[in-house]
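# Here's a sequence, model it:
(2 chains)
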Amino acid sequence: MKKQSGQSITKLLLREASLVAKDHSLLLTLLIAPLLYAFFYGSIYINKEEQNVKLAVVDDDHSRLSRLLQQNIDNSPTVELIHFPNLEEAKEHMYRGNCQGYFYIPKGTESNLLSLKQSNVVLAVNAARFLPSSDILMSVQQICLTIGAGVRLQYYQKSEGMSSTIAMQNVMPVNLDYRPLFNERSSYGAFLLPSLLALILQQTLLIGLSESVAGERQHSGIKEWLKGGVSTGIWGKGLFYLFLFSAYAFFFLNVNYSLLHLPMRGNGFELSLLLVLLILTLIPMAQFIGSLFKSQLLCLQMMAFSTYPIFLITGYSWPFESLPVAIQWLSKLLPTTPFIQIYTSIVQSGASLWANPGALIHLMLLWCFYSAIAYVRLNMLRKKSLGD
Amino acid sequence: MNHFGHIIIREWKRILSLKVFYLVMLVVPILLFSFYAVIYQKEEAKHLSFAIWDDDQSPVSRQLIFLLEQREALHITRRVNSEAEVEKLIQEGKILGAVHFPANMQKDIYSRHPVHVTLYTNAASLVAAKMVYKAVAEVVITGSAGVILKKLVKTGMKPDQAMALANPIKLNSYQLYNASYNYQEYLVPGLITVGMQMILIISSMLALNYEWKTETMQELHQLSNGSALTVITAKTIAHLVVSWVNFILIAFVVFPFFDIGVPSATGKFFVVYTLLSLACIGIGMFISALFKDVMLAGDTALFYTSPAFVFSGFTFPRWAMPWYDQYYATIMPYTPFLDVFFKVYYMNLPLHYAQADINKLLLFCAVMFPTAILLFQRQFNTSTNEKAIRAVHN
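Prediction:
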């Protein structure tokens, strides 16, 4: 009996391979899309972070201090200054999208400081675009604080007669030592790329396998597919995807990670186990989704809209705790949610697979859940096909 | 009613009766757009799990902890005792950051020795890390300025002069067009419009070739007197009207319900939305005329539309991408649309500021529609041949 089931699974694996080879849509989705997307999307973030964000500057002070401010801002890797004679022109350039904000140094900035009055400078950023505006803001804020510390240093040395060592100790009594862990440069690319590669793996599997199951319904193949039993059907078909996507995962982790200079801080074997568990969970999930469609085309259309919603609610791009409760529950039904938590902690922070036992159990429970509902649903379809 | 009107009404009937149309064009927008708005209902990420590592245990450190507790972004959940513990808790996903107050901090401050407060964040979760940094940096900078101020006042300096030295260069920063970095305001309109782009292309890519599938190509041929121009124009109008229905859903239902968007820019939004719709329908018609095989058309449309959001520069600017990706971004209508959208919607500027990008959208229409007409006319001429129809259907 066991031998029969084994043979049947092998037959189904070969049947699936031949089905994919004959169906150009599946061929594109399963064999070309994962590799193309991985290189294509990955290349966007190859530089990891943005540099030289254009910022307009209007200097009405024309002083040593204003030049020092501009020089420091221009020397930072994030910002590139463009000089304008007046605010109207600077604003106009921001409106046209040529720069992401403007920095204004009013007349009297230096003379105010020299007469022990606070100097006000203005930074207006186009916050309609989040990343450039927040990068400019952070950079200019830091420079203003540094130059302010320099002003105090000079005051302590000249007016209070302190030695440079003592003056230095007084300049910044409380300093912030910022240590961003597991992405030292806080770069957008290093943050997004690992999850992007995992998402490409997941979505191409979900779309391809659900399309294949929808195709079985469309071409009346359910009876033939499930004749050896529903479980054998699920895992016979699924075995093809397990092999194929395990190979992709191996490829991404070795080739794409290396090309994109992404660190893999955790244990490779433990990561492989996790990826296999994800693929095992996605297989019945995709089969359940595919079984809801009678048309391969409709399945493709609907699945096309699943990528962004899935990514947005996994807690990766937006903190999980900040999602509405109902969405948190929906998110917990997706294997991506526990997977991403364990995956990022292994890949980016070098944690062990067992460091997140809750998430690991969650993923295993989802594997059981999707296997059960895929079984029930496909059993219904099998009975129906036998009755026809 | 003339042939033209008949084709428009016939197309609406197809849209309302065929699942591949009505699910994509009418059901998906309602579900998807409401879903996007609900995700970011809290607008800003708040109460991020945070730990305190206080080796000082002094009134100063307690004061700083009190100030940190007042920050909405932070939720102090744990006390820790070492860097290894911080790292472990971050790895386990239990905290997103921690702050360390060193031993003798208060003593060092009073004895004029600089102290270093260390902030750890999980920068692998970049959005949360930036929020934690902002909240903690504000507290530490304020605390540092307070210490300087106190010391200077003690030396007999006037408070305003002391203030001028504590913070000599005051940076007055203005975050224009989204003052509080509200994620709902920022992301939802972008996600909705990129979703709309996908909806338009994924539905119109079936406008012509699906006639083979439903075996109605001959009927269409008769109705249009064999004119591809008539068919494509009429079908474009039908699809455009449905996209206007979705505009009503976006601008008059979803945006007001979730209190997002810029109501005063709705008119300009309509103009650029219509241009995006026309460009997308043009591309859909082109794909539909190019591939008789609906699955191949579907795969092509999916491959073409799905990267639009990331390539458009919405979240990661285009100028930071390699040159080849910047070129690739130009072949998608969402890229110029996004540039227009930022200017006329988010920034509420007059349309002339976006003239160059509007021209790019018009260029999509000018290239795609005539090419689609030429391609489809060739197919159409053979559509009376029953054998050809049957062969394709089989």
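# Report how many residues lie close to A:Leu78.
Let me fix one detail, which is that residue A:78 is Thr and not Leu. Applying other Cβ atoms under 10 Å in any protein chain shown, we find 18 residues neighbouring A:Thr78. To be clear about C-beta, it is placed using only N, CA and C from the backbone, and glycine gets the same treatment.
# Could you do A:Gly387 as well?
Residues near A:Gly387, counting by other Cβ under 10 Å: 6.
# Sketch out the strands for the chain, chain order is fine.
Chain wasn't specified; assuming chain A. For chain A, strands defined by DSSP state E occupy the ranges A:53-59, A:79-84, A:101-105, A:119-126, A:174-181.
# Actually, chain B is the one I wanted.
Counting by DSSP E, the strands of chain B are B:48-54, B:74-79, B:97-101, B:115-122, B:169-176.
# ranking the ones you listed by burial, who's on top?
strand B:97-101 (a mean of 26; mean count of other Cβ atoms under 10 Å in any protein chain shown).
# What pairs with that strand, parallel or antiparallel?
Neighbouring strands of strand B:97-101 in its sheet, by DSSP bridges, are strand B:48-54 (parallel), strand B:115-122 (antiparallel).
# what's the spacing between the first one and its chain's center?
The chain centroid and the centroid of strand B:48-54 are separated by 32 Å under Cα atoms, centre = their mean, to the nearest Å.
# Over to the longest one?
Centre-to-centre, strand B:115-122 and its host chain are 32 Å apart (Cα atoms, centre = their mean).
# re earlier: figure out which of the strands of chain A is closest to chain B.
Proximity to chain B (Cβ to the nearest Cβ) singles out strand A:174-181 among the strands of chain A, at 3.4 Å.
# what pairs with that closest one, and is each one parallel or antiparallel?
Per DSSP bridges, strand A:174-181 is paired in its sheet with strand B:115-122 (parallel).
# which residues touch the partner strand?
Contact with strand B:115-122 is made by A:173-182, A:349, B:64, B:83, B:86-87, B:90, B:95-102, B:105, B:108-109, B:128-129, B:132-133, B:136-137, B:140, as judged by Cβ atoms under 8 Å, 6 or more residues apart in numbering or on different chains.
# need the helices for the stretch 151-300 of chain B, in chain order.
B:159-166, B:183-204, B:210-213, B:217-223, B:228-249, B:255-257, B:266-290, B:294-305 (DSSP state H, counting those that start in this stretch).
# Next, the buried residues of the fourth one.
Residues of helix B:217-223 classed as buried under the neighbour-count rule (16 or more other Cβ atoms under 10 Å in any protein chain shown) are B:Met217, B:Leu220, B:His221, B:Leu223.
# Now do the same for B:Ile148: its pLDDT.
On the pLDDT scale, B:Ile148 is placed at 87.
# who's in contact with it?
Neighbouring residues of B:Ile148 by Cβ under 8 Å, 6+ apart: A:Arg152, A:Asn170, A:Pro173, B:Ala162, B:Leu165, B:Ala166.
# count of residues packed around the closest residue to A:Ser66 other than its chain neighbours?
Spatially, and ignoring its direct neighbours in sequence, A:Ser66 is nearest to A:Ile105 (4.5 Å; Cβ to Cβ, 6 or more residues apart in numbering or on different chains). Other residues near A:Ile105 come to 24 when the count uses other Cβ under 10 Å.
# for A:Pro106, same thing?
A:Pro106, neighbours per other Cβ under 10 Å, totals 15.
# Please look at it and A:Leu87 and confirm they touch.
No. The criterion here is Cβ atoms under 8 Å, and A:Pro106 misses it with A:Leu87 at 10.0 Å.
# Mind putting the helices of the stretch 151-300 of chain B into JSON lines with distance to A:Asn98 and mean pLDDT?
Shown next, in JSON lines, are the helices of the stretch 151-300 of chain B (distance: least, Cβ to Cβ, whole Å; pLDDT from 0 to 100):
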{"stretch": "helix B:159-166", "distance to A:Asn98": "35", "mean pLDDT": "86"}
{"stretch": "helix B:183-204", "distance to A:Asn98": "21", "mean pLDDT": "94"}
{"stretch": "helix B:210-213", "distance to A:Asn98": "44", "mean pLDDT": "94"}
{"stretch": "helix B:217-223", "distance to A:Asn98": "48", "mean pLDDT": "92"}
{"stretch": "helix B:228-249", "distance to A:Asn98": "30", "mean pLDDT": "97"}
{"stretch": "helix B:255-257", "distance to A:Asn98": "29", "mean pLDDT": "93"}
{"stretch": "helix B:266-290", "distance to A:Asn98": "20", "mean pLDDT": "97"}
{"stretch": "helix B:294-305", "distance to A:Asn98": "29", "mean pLDDT": "93"}
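# before we move on, the earlier item: how about JSON lines for the strands of chain B, with mean pLDDT added?
JSON lines is the format used below for those (pLDDT from 0 to 100):
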{"stretch": "strand B:48-54", "mean pLDDT": "94"}
{"stretch": "strand B:74-79", "mean pLDDT": "94"}
{"stretch": "strand B:97-101", "mean pLDDT": "95"}
{"stretch": "strand B:115-122", "mean pLDDT": "94"}
{"stretch": "strand B:169-176", "mean pLDDT": "92"}
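# ok, now which ones touch the closest residue to A:Gln341 other than its chain neighbours?
Distances taken as Cβ to Cβ, 6+ apart put A:Ala359 closest to A:Gln341, at 4.6 Å, once the chain neighbours are dropped. Contact analysis of A:Ala359 by Cβ under 8 Å, 6+ apart lists A:Pro338, A:Phe339, A:Gln341, A:Ile342, B:Gly93.
# Pretty sure the last one sits against A:Asn356.
Yes. A contact is recorded between B:Gly93 and A:Asn356 when judged using Cβ under 8 Å, the distance being 6.1 Å.
# Give me the mean pLDDT for stretch A:182-189.
84.
# same check, this time on stretch B:332-347
94.
# CA atoms only for that stretch, dumped as CSV, please.
Extracted C-alpha coordinates of stretch B:332-347, given in CSV (Å, rounded to 0.1, in the frame of the first residue of the first chain):
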residue,chain,number,x,y,z
MET,B,332,5.3,52.5,-17.3
PRO,B,333,2.5,55.1,-17.3
TYR,B,334,2.4,55.1,-13.5
THR,B,335,5.8,56.8,-13.4
PRO,B,336,4.8,60.1,-15.1
PHE,B,337,1.4,59.8,-13.4
LEU,B,338,3.1,59.7,-10.0
ASP,B,339,5.1,62.8,-10.7
VAL,B,340,2.0,64.6,-11.8
PHE,B,341,0.1,63.2,-8.8
PHE,B,342,2.7,64.5,-6.3
LYS,B,343,2.5,67.9,-7.8
VAL,B,344,-1.2,68.5,-8.5
TYR,B,345,-2.6,66.4,-5.7
TYR,B,346,-0.4,66.1,-2.7
MET,B,347,1.1,69.6,-3.3
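# residues contacting residue 290?
Assuming you mean chain A. Residues near A:Gly290 by Cβ under 8 Å, 6+ apart: A:Leu209, A:Ser210, A:Glu211, A:Ser212, A:Val213, A:Ala214, A:Glu216, A:Arg217, A:Cys299.
# Chain B was what I was after
Listed by Cβ under 8 Å, 6+ apart, the contact set of B:Leu290 reads B:Ala297, B:Thr300, B:Leu375.
# Can you say which of the helices of the stretch 151-300 of chain B is nearest to A:Phe320?
In terms of Cβ to Cβ, the element of these nearest to A:Phe320 is helix B:183-204, at 14.2 Å.
# Poorly predicted segments of the stretch 1-150 of chain A, please.
Within the stretch 1-150 of chain A, the stretches with pLDDT under 70 are A:1-7.
# Alright, I will stop here.
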